[in-house]
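Chemist: the sequence and its predicted three-dimensional model are supplied below.
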Amino acid sequence: MGIDPTRTELTLHDDPRLMAGVVAIVSFAAHRCGLSSGAQEGLAAAAAEACRETFPLVNGNGSKDSSLKVIVSDFPDRVEVSIEHSGESLPSAGLDTFCDAASSAGSQTGLSGALQKTNVDRVQYETRDGVSRMTLIKYCDERRAKA
């Protein structure tokens, strides 16, 4: 028996106390998908780090609305965490920063390090109509059959 997909949307302002909410929601979605507790924690940590590293892009655009929209969706085969903003259109963690972190021995800080340590399966970037979106995707292991 499968689960129905769910979608949770949050609007976050640059307040570190709100990261606990992101972690809880992502962890819950990953649990529903059947990820191990380690994978749940890793995906939640990567999502929180992605939010932290995206705020400077939003805050630097001069807009009065310096918030992020975080969309957490769980499906039977994956969890997606999308982070949208209307600031600078550069990704928080591009291939260049990911490769630089990998080449620096022992240096795994920031989102790139979190992505490498947590085995996030895919990161997608899209900019459309002035809105930038980064989506972290983690595919679920074999789902346990429920009777």
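Modeler: That came through fine.
Chemist: for the helix or strand residue 12 falls within, packing partners?
Modeler: Per DSSP states H and E, residue 12 falls inside strand 6-13. If you count contacts as 3 or more CB pairs under 8 Å, 6 or more residues apart in numbering; DSSP states H and E, strand 6-13 packs onto helix 19-33, strand 67-74. For glycine as for every other residue, the C-beta is placed from the backbone atoms N, C-alpha and C.
Chemist: pLDDT below threshold where in the protein?
Modeler: Counting by pLDDT under 70, the ranges of the chain that qualify are 1-3, 59-65, 87-119, 141-147.
Chemist: quick one: the helices in the protein?
Modeler: Counting by DSSP state H, one finds helices in the chain at the ranges 19-33, 37-59, 95-103, 110-118.
Chemist: what about residue 7, neighbour count?
Modeler: Neighbour count of residue 7, defined by other CB atoms under 10 Å: 12.
Chemist: ok, what's across the strand from it?
Modeler: Using DSSP bridges, the bridge partners assigned to residue 7 are residue 73.
Chemist: enumerate the beta-bridge partners assigned to residue 131.
Modeler: Residues in beta-bridge contact with residue 131 (DSSP bridges): residue 128.
Chemist: tell me the most buried of the helices and strands packed on strand 6-13?
Modeler: Highest mean neighbour count of the helices and strands packed on strand 6-13: strand 67-74, a mean of 20 (counted as mean count of other CB atoms under 10 Å).
Chemist: hang on, the earlier thing: any idea which of the helices and strands packed on strand 6-13 gets closest to residue 46?
Modeler: With respect to residue 46, and counting by CB to CB, the nearest of the helices and strands packed on strand 6-13 is helix 19-33 at 8.6 Å.
Chemist: what's the closest one packed up against?
Modeler: Here helix 19-33 touches strand 6-13, helix 37-59, strand 67-74, strand 78-85, going by 3+ CB pairs under 8 Å, 6+ apart.
Chemist: kindly export it (C-alpha atoms) in CSV.
Modeler: Extracted in CSV, the C-alpha atoms of helix 19-33 (Å, rounded to 0.1, in the frame of the first residue of the first chain):
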residue,chain,number,x,y,z
MET,A,19,15.9,26.2,10.7
ALA,A,20,14.6,23.7,13.4
GLY,A,21,11.2,23.8,11.5
VAL,A,22,12.9,23.1,8.2
VAL,A,23,14.8,20.1,9.8
ALA,A,24,11.6,18.7,11.4
ILE,A,25,9.5,18.9,8.2
VAL,A,26,12.2,17.5,5.9
SER,A,27,12.9,14.7,8.4
PHE,A,28,9.2,13.8,8.6
ALA,A,29,8.9,13.7,4.8
ALA,A,30,12.0,11.5,4.5
HIS,A,31,10.6,9.2,7.2
ARG,A,32,7.3,8.9,5.3
CYS,A,33,9.3,8.0,2.2
